[in-house]
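Student: Sharing a model that was predicted from the sequence below.
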Amino acid sequence: MAEPMGFFTDTSVCIGCKACETACKAWNQLPAKEGGHPPMSGDSYDNTVRLSGEDWRHVKFIEQFSEDRSAGRWLMMSDVCKHCVNAPCLEVCPTGAIIRTEFDTVVIQTDACNGCRLCITACPFGVIDVNPVSKTAEKCTLCYDRLQVGMQPACAQACPTASIQFGPIAQLKATATARLSQLQAQGEKQASLYGADDKMLGGLNSFYLLLDEPGVYGLPVDPKMPTRNLFWGSVSSVAAAVVLGVVGLFGFRERRAVDESDADA
């Protein structure tokens with residue numbers, strides 16, 4: 001297996017240009033949204049709104065202003081699949097369509113996808129969606145086809161500020177730790193790394209440097225593995241089925257005995 005590869009996204013230098021969105025869509029030949037994206041969503045430049053089967057990259061615009069609008073700031077973040085080390089989507093896929101590659105990234109093989117949507121439900125980040133053209137579940141592949149020939153992902157190559165950095169995970173974590181220390185020394189006391197350690201689903205191979213709490217960016221504070229509840233849920237279902245079966249059997253026998261006694265009379 002090759003060295004684990006991934007993304008480190010430094011949101012402090014994201015300028016919201018959406019070059020990553022455009023590069024991703026062009027390289028992966030993703031379909032245009034039916035009717036097109038609006039120029040803005042409400043009063044925000046965040047016109048793609050969320051990740052979807054048509055948009056594997058999504059630049060979030062978070063506007064923070066005081067009540068009198070005299071002070072404020074914009075936080076921006078290019079969101080993408082987290083390529084979790086312990087990926088819930090991979091665990092629940094019933095057809096084996098979702099695989100882990102030699103780069104430790106998570107990829108959906110659309111030709112094996114049956115469209116059951118279990119992966120969509122399992123993902124705690126809301127990453128996966130159905131492509132309206134192929135009718136299969138799709139998400140970022142971390143440009144698996146490019147990695148196989150020694151190229152970096154299209155989004156990282158297009159990013160003009162190095163907000164999206166691609167490389168070996170160990171190297172990216174060292175870079176992220178140094179950058180965090182630098183920002184905190186400059187007064188960004190709320191700055192933190194999200195998903196860089198192994199406490200979150202075994203670690204995220206696409207992790208972030210944030211300038212505010214994860215919830216501000218729409219990220220879960222403590223994402224869970226939904227399948228942890230499946231075993232006991234299955235046991236409960238089986239137990240309930242057994243009880244219903246036994247009750248039904250006794251009911252059937254009792255009714256049959258009554259019918260036979262009526263016939264004898």
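Tutor: Structure received. Numbering: from 1, shown residues only.

Student: Enumerate every residue touching the spatially most central residue of the chain.
Tutor: Closest residue to the average C-alpha location of the chain: Val127 at 3.3 Å, with C-alpha atoms, centre = their mean. Residues near Val127 by C-beta atoms under 8 Å, 6 or more residues apart in numbering: Leu51, Val80, Cys81, Lys82, Lys139, Cys140. To be clear about C-beta, it is placed using only N, CA and C from the backbone, and glycine gets the same treatment.

Student: Check which helix or strand Gly6 maps to.
Tutor: strand 5-10 (DSSP states H and E).

Student: Sheet-wise, list the partners of that strand with their directions.
Tutor: Strand pairing for strand 5-10, using DSSP bridges, gives strand 164-168 (antiparallel), strand 206-210 (parallel).

Student: send the alpha carbons of that strand over as PDB?
Tutor: The C-alpha coordinates for strand 5-10 follow below in PDB (Å, rounded to 0.1, in the frame of the first residue of the first chain):
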ATOM      1  CA  MET A   5      -2.400  10.800   1.000                       C
ATOM      2  CA  GLY A   6      -4.900  13.500   1.600                       C
ATOM      3  CA  PHE A   7      -5.800  17.200   2.000                       C
ATOM      4  CA  PHE A   8      -5.000  19.800   4.700                       C
ATOM      5  CA  THR A   9      -7.300  22.800   4.200                       C
ATOM      6  CA  ASP A  10      -6.100  26.000   5.900                       C
END
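
Student: Please settle this for me: is Met77 part of a strand?
Tutor: Yes - if the criterion is DSSP: H, G, I helix; E, B strand; the rest coil, then Met77 is within a strand.

Student: what pairs with it across the strands?
Tutor: Lys60.

Student: Next one: it from Thr9, what distance?
Tutor: The spacing between Met77 and Thr9, counted by C-beta to C-beta, to the nearest Å, is 7 Å.

Student: ok, now Gln29?
Tutor: Gln29 sits 24 Å away from Thr9, going by C-beta to C-beta.

Student: neighbour count winner among the two?
Tutor: Taking other C-beta atoms under 10 Å, Gln29 and Thr9 do not tie; Thr9 has more neighbours (27 against 6).

Student: Show me what the closest residue to the more buried one other than its chain neighbours is bridged to.
Tutor: Distance criterion C-beta to C-beta, 6 or more residues apart in numbering; nearest residue to Thr9, sequence neighbours excluded, is Tyr208 at 4.9 Å. Under DSSP bridges, the beta-bridge partners of Tyr208 are Thr9, Tyr194.
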